[in-house]
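Novice: I'd like to go over a predicted model; first the sequence, then the structure.
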Amino acid sequence: MSEIAGGRFLKEILKRERDDFALRPRSLDEFVGQERLKRNLKVFISASLLRKEPLDHVLFYGPPGLGKTTLAFIIAEELGREIRCFSGPTFSRAGDIASVLTSIGEGDVVFIDEIHRLPRPCEEVLYTAMEDFAIDVLVGKGPGTRSIRLSLPPFTLVGATTRLSLVSAPLRNRFGITEKLDFYSQSELQEIIKNTATQFGMNLREEAVAEIASRSRGTPRIAKRLLRRVRDFADYYRKKEIDGSFVRKVFRALDVDELGLSWADRNLLRVLKEKFGGGPTGLNSLATAMNEDVLTLENFYEPYLIKLGFLARTARGRVLTSQGEQYLQRFDQNG
Ligand SMILES: Nc1ncnc2c1ncn2[C@@H]1O[C@H](COP(=O)(O)OP(=O)(O)OP(=O)(O)O)[C@@H](O)[C@H]1O
């Protein structure tokens, strides 16, 4: 079991996306969008501080890159507590969870990303830990085995998942606060892009900001990634003021169209159309035909194609919608 916390978390993030950590919003006021969720969180956090009680356990769900991890850090910051970060699959034995929970400070935040991938024995330890701030430990062997109850410091568990349906009901029911993160609007993405561009010291015209936002698939992580690529091109071409036409050229080079779709998205729609007659077809067959990993399809490509109305998830499988078909035709006609 490995932990991604504090300094190590920082290094991990810096390795993946340089300077990203420093650019994360640090408070609810700095966090753009998700207004209803933020309003509620402010109330819950203030109430817990007033009562000097730990914040109830929080479960965030929604597609990747919308800010679940960022919010977990913000919660710890607003509570003035430490945060320890893990990912579901990094736990393997019940003892792993027990050793984490017995080493935290009072009121601390424990963040578990991909909580739907937590092995069942680990999940079961969480039940009493979340409900009673205690864990039952078996001592002795054979007929003499008995269970003793260990008290834990009160803590807040923040769980995050891209697949709420895979979180078991007993675990889900133990979260007092469950919040969905939605895709961001064009104007929210513009605000995030402008803030990040300022931090990068980039001079972006309004039209350029809008062009990047419309290709960001409703997702801040993608907005920031696209902005970094625009910065690369701007630095390479010594472009001081970045306008809409420069950004459009960058996206042509990156093969990202006006909706933020790339070759891989179109390939999914095409395979569905040409190999499966538009569907319905199962996700596994689709992934095999595309030579792609099921989780990538499900977590990365599908949610936005579904949001655009190009793909539908039905009980019998994935279906190409008429809007999806029209999009492919339009794309082929316009080159
Ligand atoms: N509302 C926001 N305002 C500004 N930046 C944001 C916002 N939401 C997310 N980001 C940025 O987007 C990136 C991805 O966010 P984060 O890692 O919190 O997403 P996530 O939902 O936890 O993703 P995953 O499910 O893949 O772990 C980070 O760089 C974060 O700073």
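Specialist: Done, it's in.

Novice: could I get the full set of strands for the protein?
Specialist: Secondary structure of the chain by DSSP state E: the strands cover 58-61, 83-87, 109-113, 134-139, 146-151, 156-161, 177-180, 203-204, 241-242, 311-314, 317-320.

Novice: what's the closest of these to residue 217?
Specialist: With Cβ to Cβ, the closest approach to residue 217 among those belongs to strand 311-314: 13.4 Å. To be clear about C-beta, it is placed using only N, CA and C from the backbone, and glycine gets the same treatment.

Novice: in the closest one, what's buried?
Specialist: 311-312 (16 or more other Cβ atoms under 10 Å).

Novice: which strands or helices does it pack on?
Specialist: On a contact count with 3 or more Cβ pairs under 8 Å, 6 or more residues apart in numbering; DSSP states H and E, strand 311-314 meets helix 263-276, helix 302-308, strand 317-320.

Novice: would TSV of those with mean pLDDT and mean neighbour count be doable?
Specialist: As requested, the helices and strands packed on strand 311-314 are exported to TSV (pLDDT from 0 to 100; neighbours: other Cβ atoms under 10 Å):
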stretch	mean pLDDT	mean neighbour count
helix 263-276	94	18
helix 302-308	94	19
strand 317-320	95	20
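
Novice: format these as a markdown table; extra columns: distance to residue 227.
Specialist: What follows is those, written out as a markdown table (distance: least, Cβ to Cβ, whole Å):
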| stretch | distance to residue 227 |
| --- | --- |
| helix 263-276 | 20 |
| helix 302-308 | 18 |
| strand 317-320 | 31 |
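
Novice: and the ligand, which of these is closest to it?
Specialist: Closest of the helices and strands packed on strand 311-314 to the ligand is helix 302-308, at 11.1 Å (criterion: Cβ to the nearest ligand atom).

Novice: can you put the strands of the chain in JSON lines and add distance to residue 300?
Specialist: What follows is those, written out as JSON lines (distance: least, Cβ to Cβ, whole Å):
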{"stretch": "strand 58-61", "distance to residue 300": "16"}
{"stretch": "strand 83-87", "distance to residue 300": "17"}
{"stretch": "strand 109-113", "distance to residue 300": "16"}
{"stretch": "strand 134-139", "distance to residue 300": "36"}
{"stretch": "strand 146-151", "distance to residue 300": "40"}
{"stretch": "strand 156-161", "distance to residue 300": "15"}
{"stretch": "strand 177-180", "distance to residue 300": "18"}
{"stretch": "strand 203-204", "distance to residue 300": "26"}
{"stretch": "strand 241-242", "distance to residue 300": "27"}
{"stretch": "strand 311-314", "distance to residue 300": "13"}
{"stretch": "strand 317-320", "distance to residue 300": "15"}
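
Novice: looking at those, which is nearest to residue 274?
Specialist: That would be strand 317-320 among these, by Cβ to Cβ, at 9.9 Å.

Novice: quick one: contacts for the nearest residue to residue 78 once chain neighbours are set aside?
Specialist: Computed as Cβ to Cβ, 6 or more residues apart in numbering, the closest residue to residue 78 that is not its neighbour in sequence is residue 45, at 5.1 Å. Listed by Cβ atoms under 8 Å, 6 or more residues apart in numbering, the contact partners of residue 45 are 28, 55, 75, 78-79.
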